[in-house]
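Trainee: One predicted model, sequence on top.
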Amino acid sequence: MKKFILVILTLLITNTAKAVSFPDPSRWTVTGDLQVKTFDFDTNDLDIAECTADYIRDNLGVIGRGSNFYVGGYALVDIAVEEHAKNKDLNDFKIRCVSIDNQ
């Protein structure tokens, strides 16, 4: 049991994986925008999170864009989407976010 715990601790301590930006579509706003939370702990404050949304049911490509500033590695982005995709099921969207260095 001690060896097992030591192996786990060693793996956790030597893990070099970095946090990457990943979007989480959370809800629709009152105005019909798609609100997305994104995290990237390698960013500095006031770097920009730029997100795009695809409505995968109709395969039309990008149907909305939005951006906001990171604060503490966290950004809350409102994506203005086309009228036909508003208030649809969140599972029908593919969201991509990139971090832009704002220096």
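Mentor: Done, it's in.
Trainee: roughly how far apart are Ile56 and His84?
Mentor: Ile56 sits 14 Å away from His84, going by Cβ to Cβ, to the nearest Å. C-betas here are computed from N, CA, C, even on glycine.
Trainee: can you tell me which helix or strand the spatially most central residue of the chain belongs to?
Mentor: In the chain, the C-alpha nearest the mean C-alpha coordinate belongs to Pro23, at 1.6 Å (Cα atoms, centre = their mean). Taking DSSP states H and E as the criterion, Pro23 maps to strand 22-28.
Trainee: does Gly66 count as helix, strand or coil?
Mentor: strand (DSSP: H, G, I helix; E, B strand; the rest coil).
Trainee: can you give me the strands in this structure?
Mentor: Using DSSP state E, the strands found in the chain span residues 22-28, 34-39, 48-55, 62-69, 74-81, 93-100.
Trainee: for Lys88, what are its contacts?
Mentor: By Cβ atoms under 8 Å, 6 or more residues apart in numbering, Lys88 lies in contact with Tyr55, Arg57.
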